[in-house]
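K.L.:
Could you work out the structure for the sequence below:
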Amino acid sequence: MNKLNFYSYLFLIISTIMLLYGLIFNPNDWIVYTIAIIFIPLFILSLGFITMAKPKKEDEEERVQEPFIGF
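P.N.:
Predicted coordinates:
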């Protein structure tokens, strides 16, 4: 879980920096499209992983015994 949390925050920071770069520095159109296609979904995915990695108080013991694998 620590690796997932670490990489989620890392991808969140990288995607935020790239999105701000596309907004502030006004690069060429193809660079903005590439940033949008790659880093907007990565931003949303990393937010989902961050919220999914935090267990509820009542589910903490179950998460240790059985990690989250889906629905």
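K.L.:
Can you point out the buried residues in stretch 11-31?
P.N.:
Within stretch 11-31, the residues scored as buried using 16 or more other Cβ atoms under 10 Å are 11-12, 15, 18-19, 22. No exception for glycine: its C-beta is placed from N, CA and C like everyone else's.
K.L.:
From those residues, pick the one nearest residue 47.
P.N.:
residue 12 (6.7 Å; Cβ to Cβ).
K.L.:
Make CSV from the buried residues of stretch 11-31 and add secondary structure, pLDDT and distance to residue 40 to it.
P.N.:
Listed next are the buried residues of stretch 11-31 as CSV, based on DSSP: H, G, I helix; E, B strand; the rest coil; pLDDT from 0 to 100; distance: Cβ to Cβ, whole Å:
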residue, secondary structure, pLDDT, distance to residue 40
11, helix, 93, 12
12, helix, 93, 12
15, helix, 95, 8
18, helix, 94, 10
19, helix, 93, 7
22, helix, 91, 10
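K.L.:
from those, which is closest to residue 3?
P.N.:
residue 11 (12.2 Å).
K.L.:
Test my guess that the closest one contacts residue 45.
P.N.:
Yes. Counting by Cβ atoms under 8 Å, residue 11 does reach residue 45; the two are 7.3 Å apart.
K.L.:
quick one: low-confidence ranges for this protein?
P.N.:
1, 55, 59-71 (pLDDT under 70).
K.L.:
All the helices of it, in order from the start?
P.N.:
2-24, 29-53, 60-65 (DSSP state H).
K.L.:
Tell me the one among the buried residues of stretch 11-31 nearest to residue 36.
P.N.:
Among these, residue 22 lies closest to residue 36 (Cβ to Cβ), at 7.1 Å.
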